[in-house]
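In: Sequence unavailable; structure follows:
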């Protein structure tokens, strides 16, 4: 089958290398098309981008990709001004807030000290300190608070994903330059990204990192010197979300195995083969990631929701993906990339297919009885939107090829190709933002103020455990309100009291009697009560305060009438504990954020990531300036998380001026690493002219 019109056929393809010098030279795959003769048709050689505007074409598509990334970020922010939400969306958001408070107060080791309930989404995730470390450094350098960051981190990371996907598509996979826009938008507006943004902030960060890892790993396989870049990114991703990082490292390892036949046929030295280079990149990154994890307090409990919860999440989320339509399009994209003679495209196709297949494997494992978070794996399977984008690019390229000839036909072909691409990308965007706009905040203004009363009271108590009696209807929450209560109370509590908050399921009188609540014919209630009691009973002997807060107890009014002596305020009862001598201060819910405040906060966070990551990107990703700029936000995430973790373990505070100094120091290390490399490259360029290298070898 003839190659698609955007394919680039390498010079001397299929010919064995004749000399050692040739072998070394052919290791270095590039994304640059060979120069064509002045009278040669634009479409007859190189990517279809050459037909789109001569030497100005790269800057046109770079500019459009930058604009597209900003638009994606703005769409993620738009939900708040348009709906007037006062709080960030996602039920997990309070956990990210109190984890950040812990790291700010007690350093990274504080995460392990407040890990009383390491099950059912209660864990402090001490093995995943990336987000709280980044959050503390962001606050120290930009002033964006722990409460405001969850509003903007989905927008910032989605923007970083658009940029990283463009590098992955164009430089690593060898697609035409104009493909950077559809690839970036396909990923940035993907349904899985929108669903992940609904409170899974660790996942959002790791998604931006694995896209950058995919780009540098494929570039390394193609012969570019980006192995060290892959190491740094993998190490940073490991402490953000080590489970998904390990999964992606396995995918890259499988790809290295699949590249062995190609590597054997190449006739190169072992260390110069795609398989060996990729294996070294993955192994080194895995080793650095493991070393970074050793600095964390512990890996923590893997945790697991119930199978019923996973089934509920999956049934709610899958319809938004429109898989009966998206699946065949992705399959067409896999074929379009896989049939090319350009080996970069075939390598990328293999990685994207493996990545997309993780969702299918997870689903089959779940059907076989394994308790796997299928919906989370589906959101992580970014190979699906990459393959969808490949199909869109292939379709546009076929149209451009079919309508060659006269200037009028060429212009008509471009218009049709652009319209097709725009319609398909708009369709993907509609699916993604339909899923995003279904989300709701984790809190309401009234309950925030009620919980604020409990937080104010906590400040007046002595430093000892505090147990909240909780009881909500099971139909409202499968855990009878325990997880929600623990998260939201910790989020608003003083930082030094987060580790002292416990929850008890059932009437406070049972708690006063130091007994778990167990009732006849209440199987699910009893199982949950006993599970939490195993932890809570350990502090009964420490004379804990016992409180009841209205938002978390369904019969609060009845309890308050029966025991007026317990009343602290209209929304708080102290079953055991001192009465405040003065009225508790009122806590007001925040006002909805404005466009100006959101864009300012997002711009500040993005600016910090660019500042911290650009030097590292310049030092570790030699080549085109666009690649370095586009990958710098991902590098910023990785090095700030790694630098903050190391500083915390060395006893350096991450708040205030010391936190700002840590962020600046991390950035300076990258710039210092870049300067000698830049000087060396310039000196070599003056000594000998660059040797043209073949495309797609």
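Out: Nice, thanks for sending it over. Everything numeric in this text was worked out from a predicted model, so none of it was measured. Numbers count the residues shown, from 1 in each chain.

In: Check what pLDDT residue 542 gets.
Out: If you check residue 542, the pLDDT there is 89.

In: now do residue 38
Out: Here, the pLDDT recorded for residue 38 equals 35.

In: try residue 576
Out: Listed pLDDT for residue 576 reads 91.

In: ok, it - contacts?
Out: 512, 544, 545, 546 (CB atoms under 8 Å, 6 or more residues apart in numbering). (Glycine included, C-beta is placed from N, CA and C.)

In: Could you report the distance from it to residue 490?
Out: Distance from residue 576 to residue 490, counting by CB to CB, to the nearest Å: 20 Å.

In: Check the offset of stretch 177-186 from the chain's centre.
Out: Between the centre of stretch 177-186 and the centre of its host chain there is 19 Å, according to CA atoms, centre = their mean, to the nearest Å.

In: What lies in contact with that stretch?
Out: Stretch 177-186 is contacted by residues 6, 47-49, 52, 57-58, 61-62, 64-65, 68-69, 72, 161-163, 165-170, 175, 385-386, 388-390, 392-393, 396, 421, 424-425, 428-429 when judged by CB under 8 Å, 6+ apart.

In: So what does residue 128 have for phi and psi?
Out: Here is the backbone geometry of residue 128 (degrees, to the nearest 10): phi -130, psi 70.

In: What's the separation between it and residue 109?
Out: 14 Å.

In: Of those two, give the one with the bigger neighbour count.
Out: residue 128 (27 against 16; other CB atoms under 10 Å).

In: quick one on the thing from earlier: of the contacts of stretch 177-186, which belong to helices?
Out: 57-58, 61-62, 64-65, 68-69, 72, 161-163, 165-167, 385-386, 388-390, 392-393, 396, 421, 424-425, 428-429 (DSSP state H).

In: List buried residues within those residues.
Out: Neighbour counting by 16 or more other CB atoms under 10 Å classes 57-58, 61-62, 65, 68-69, 72, 161-163, 165-167, 385-386, 388-390, 392-393, 396, 421, 424-425, 428-429 among the ones in helices among the contacts of stretch 177-186 as buried.

In: Spit out the contact partners of the residue most central in space within the chain.
Out: Nearest to the mean C-alpha position of the chain, by CA atoms, centre = their mean, lies residue 204 at 2.2 Å. By CB under 8 Å, 6+ apart, the contact list for residue 204 reads 153, 154, 157, 158, 193, 196, 197.

In: Nearest to residue 246 among those?
Out: residue 196 (17.8 Å; CB to CB).

In: Now do the contacts for the closest one.
Out: Contact partners of residue 196, counting by CB under 8 Å, 6+ apart, are 203, 204, 207, 376, 379, 380.

In: Tell me where the longest helix sits in the protein.
Out: Under DSSP H, the chain gives helix 656-687 as its longest helix.

In: Spatially nearest residue to residue 170 (excluding sequence neighbours)?
Out: Leaving aside its sequence neighbours, residue 170 sits nearest to residue 180 (CB to CB, 6 or more residues apart in numbering; 5.0 Å).

In: What separation do you get for that neighbour and residue 69?
Out: Using CB to CB, residue 180 is found at 10 Å from residue 69.

In: got it, and residue 241?
Out: 22 Å.

In: got any ranges where the stretch 301-450 of the chain has weak pLDDT?
Out: Scanning the stretch 301-450 of the chain for pLDDT under 70 picks out 301-305.

In: no wait, the chain
Out: Residues of the chain meeting the criterion pLDDT under 70: 1-57, 300-305, 474-478, 521, 678, 681-697.

In: returning to what we had before: element containing the residue nearest to residue 170?
Out: Using DSSP states H and E, residue 180 sits in helix 180-188.

In: In the helix or strand following that helix, which residues are buried?
Out: Using DSSP H and E, the helix or strand that directly follows helix 180-188 along the chain is helix 191-196. Across helix 191-196, burial judged by 16+ other CB under 10 Å covers 191, 192, 193, 194, 195, 196.

In: ok, the contacts of residue 196 vs residue 466, which is closest?
Out: Nearest to residue 466 out of the contacts of residue 196 is residue 203 (CB to CB; 31.2 Å).

In: secondary structure class for the nearest residue to residue 381 once chain neighbours are set aside?
Out: Closest residue to residue 381 apart from its sequence neighbours, by CB to CB, 6+ apart: residue 359 at 4.2 Å. Secondary structure state of residue 359, per DSSP: H, G, I helix; E, B strand; the rest coil, is helix.

In: so residue 359 makes contact with residue 375?
Out: No: counting by CB atoms under 8 Å, residue 359 stays clear of residue 375, with 9.4 Å between them.

In: More neighbours: these two, which one.
Out: With neighbours defined as other CB under 10 Å, residue 359 and residue 375 compare such that residue 375 has more, 25 against 22.

In: ok, now which ones touch that one?
Out: Contact analysis of residue 375 by CB under 8 Å, 6+ apart lists 195, 310, 313, 314, 317, 318.

In: Need the buried ones from the residues you listed selected in ChimeraX.
Out: The ChimeraX selection below is limited to those of the contacts of residue 375 classed as buried (16+ other CB under 10 Å):
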select :195,310,313,314,317
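
In: Now go through the contacts of residue 375 and say which are in helices.
Out: Within the contacts of residue 375, residues falling in helices by DSSP H are 195, 310, 313, 314, 317, 318.

In: which residues in the stretch 401-550 of the chain form strands?
Out: Along the stretch 401-550 of the chain, counting by DSSP state E, counting those that start in this stretch, strands occupy 466-470, 501-505, 545-549.

In: closest to residue 217 out of the ones you listed?
Out: In terms of CB to CB, the element of these nearest to residue 217 is strand 501-505, at 42.5 Å.

In: List the buried residues of that closest one.
Out: Neighbour-count burial for strand 501-505 [16+ other CB under 10 Å]: 501, 502, 503, 504, 505.

In: Reformat those residues as CSV; add distance to residue 415.
Out: Converted to CSV, the buried residues of strand 501-505 look like this (distance: CB to CB, whole Å):
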residue, distance to residue 415
501, 62
502, 65
503, 62
504, 67
505, 64
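
In: tell me which of the residues you listed is nearest to residue 626?
Out: Using CB to CB, residue 501 comes nearest to residue 626 of those, at 48.5 Å.

In: All good on my end, thank you.
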